[in-house]
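K.L.:
Have a look at this prediction, sequence included:
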Amino acid sequence: MAQDLKIVSTEQAPAAIGPYSQAVVFGNLVFTSGQIPLRPDGQLVEGGIEAQTHQVFANLKAVLAESGSSLQQAVKVTVFLKDMNQFATVNEIYASYFLEHKPARSTVEVARLPKDVFVEIEVIASTNVE
């Protein structure tokens, strides 16, 4: 089974900060690791939930592109929020990245996220691989 897995790595998104991959492709699906608002150089994005959410989507787009996929091929998105009171703001930004395409989604509030960020998002998407 391990030979069927393709590990994804791109310098256009921050490197993994632990023993995991940015994403793994299995068959025609890509599973991203949760992306937090780090720039590709590893620096945390300053600012509020808006700036952090846009950086998370920039990271997801880069990882998905390297995987042969895109946000428009997302099947399932999971959003982790530090504060559910920020849901409306994140939802508005989220909607700007998914105009016509509406993948399945879960949004949960969590007690704490890595580096004390406000948002983390992971995606399962189809790839262009047949």
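P.N.:
Ah, there it is. Numbers count the residues shown, from 1 in each chain.

K.L.:
give me the number of residues near the closest residue to residue 74 other than its chain neighbours?
P.N.:
If the residues on either side of it in the chain are set aside, residue 74 comes closest to residue 103, at 4.0 Å by C-beta to C-beta, 6 or more residues apart in numbering. Glycine gets a C-beta too; all of them are placed from N, C-alpha and C. Residue 103: 15 surrounding residues under other C-beta atoms under 10 Å.

K.L.:
Give the next helix or strand downstream of the longest helix seen in the chain.
P.N.:
For the chain, the helix reaching the highest residue count under DSSP state H is reported as helix 49-66. Downstream of helix 49-66, the first helix or strand assigned by DSSP states H and E is strand 74-81.

K.L.:
quick one: buried residues of that next one?
P.N.:
Under the neighbour-count criterion of 16 or more other C-beta atoms under 10 Å, strand 74-81 has 74, 77-81 buried.

K.L.:
and residue 7, how many residues sit next to it?
P.N.:
So residue 7, with other C-beta under 10 Å, has 10 neighbours.

K.L.:
element containing it?
P.N.:
Assigned by DSSP H and E, residue 7 falls in strand 5-8.

K.L.:
list the buried ones in that strand?
P.N.:
For strand 5-8, the neighbour count (16+ other C-beta under 10 Å) marks 6, 8 as buried.

K.L.:
CA-only coordinates of that strand in PDB, if you can.
P.N.:
The C-alpha coordinates for strand 5-8 follow below in PDB (Å, rounded to 0.1, in the frame of the first residue of the first chain):
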ATOM      1  CA  LEU A   5       1.000   6.700  -1.800                       C
ATOM      2  CA  LYS A   6       2.600   9.800  -3.400                       C
ATOM      3  CA  ILE A   7       4.000  12.300  -0.800                       C
ATOM      4  CA  VAL A   8       3.400  15.900  -1.900                       C
END
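
K.L.:
Partner strands of the helix or strand just after that strand and their direction?
P.N.:
Helices and strands here follow DSSP H and E; after strand 5-8, the next one along the chain is strand 23-26. Sheet pairing of strand 23-26 (DSSP bridges) gives strand 5-8 (antiparallel), strand 29-32 (antiparallel).
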